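Colleague: Output the structure for:
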Amino acid sequence: MQKFHSLRLEANISFDQQERWDLINSLYTEYFQQPPKKSGKEWMQLGFQGQYPETDFRGGGVLSLQMILRFVKRNRTLVKVMEQDKAGFFFAITAINIAFFMKKYFHLADFLVAGKDS
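Modeller: Numbering: from 1, shown residues only. Next up is the predicted model:
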C-alpha cells in the first residue's frame, strides 16, 4: 500500500517546464549520448509529436517523464530498435498516454475523474 501512496504522490506533481528541464536533459543525454538540446528533430526521433518535448507532457505529467527516463536507462537498445521500425510507433507519446491512463483509471491523480476526463 505504501508503494501505491508514493505513486499517487508522484502522479499529482504537475509538469512545470522550468523545474523539469533537468529530467528532460537527462532523457536526451541518456538516449542520444550527447549534450542535450532544448528543441530539434531528434526529439521526434524518440517519439515526441514535435521538436519541443515539453509540450507533450501535459496529460502524463512528471510521472510520464520519469517513466520514459527509467525505461530508456534500462532499455536504450530496445528503444532504438523501436525508433527504426517503420510501422509508426511513437515511443514517447505512447508512454505519456499510458501514464495518463494509469493515473486516470487507478485514481492516482486528484485532478482526473474516471469517466469524465478522456
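
Colleague: Could you pull up the contacting residues of A95?
Modeller: Taking CB atoms under 8 Å, 6 or more residues apart in numbering as the definition of contact, the neighbours of A95 are 47, 60, 64, 67-68, 71. Bear in mind the C-beta positions are built from the backbone N, C-alpha and C, glycine included.

Colleague: can you pull the buried residues of the helix or strand hosting it?
Modeller: Per DSSP states H and E, A95 falls inside helix 91-105. By 16 or more other CB atoms under 10 Å, the buried positions in helix 91-105 come out as 91-93, 95-96, 99-100, 102-104.

Colleague: Quick check: R8 vs L69, distance?
Modeller: Separation of R8 from L69 (CB to CB, to the nearest Å) stands at 20 Å.

Colleague: Let me know the average pLDDT across the helix holding A95.
Modeller: Helix 91-105 carries an average pLDDT of 89.

Colleague: burial of K41, as a residue count?
Modeller: The number of residues packed near K41 is 10, by other CB atoms under 10 Å.

Colleague: Once you drop chain neighbours, what's closest to it?
Modeller: Nearest non-adjacent residue to K41, counting by CB to CB, 6 or more residues apart in numbering: Q51, 6.1 Å away.

Colleague: What values do phi and psi take at that neighbour?
Modeller: With angles defined as degrees, to the nearest 10, Q51 sits at phi -80, psi -10.

Colleague: Was I right to think it contacts Q45?
Modeller: No: with contact defined as CB atoms under 8 Å, Q51 does not count as touching Q45 (10.3 Å).

Colleague: Contacts only, for the residue nearest to K41.
Modeller: Contacts for Q51 were tallied using CB under 8 Å, 6+ apart; they are 39-41, 43-44.

Colleague: same deal with Q66?
Modeller: Q66 makes contact with 10, 23 under the criterion CB under 8 Å, 6+ apart.

Colleague: distance of it from M102?
Modeller: Distance of Q66 to M102, computed by CB to CB: 12 Å.

Colleague: Then D110?
Modeller: 14 Å.

Colleague: Output the helix or strand harbouring R20 as CSV, restricted to C-alpha atoms.
Modeller: Taking DSSP H and E as the definition, R20 sits inside helix 17-32. This file holds the C-alpha atoms of helix 17-32, laid out as CSV (Å, rounded to 0.1, in the frame of the first residue of the first chain):
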residue,chain,number,x,y,z
GLN,A,17,8.7,23.2,-17.7
GLN,A,18,11.3,25.2,-15.8
GLU,A,19,11.6,22.8,-12.9
ARG,A,20,11.7,19.7,-15.1
TRP,A,21,14.4,20.6,-17.6
ASP,A,22,16.8,18.5,-15.5
LEU,A,23,14.8,15.4,-16.2
ILE,A,24,14.3,16.3,-19.9
ASN,A,25,18.1,16.9,-20.3
SER,A,26,18.8,13.6,-18.6
LEU,A,27,16.5,11.8,-21.0
TYR,A,28,18.2,13.4,-24.0
THR,A,29,21.7,12.7,-22.7
GLU,A,30,20.8,9.1,-21.8
TYR,A,31,19.2,8.3,-25.2
PHE,A,32,21.4,10.2,-27.6
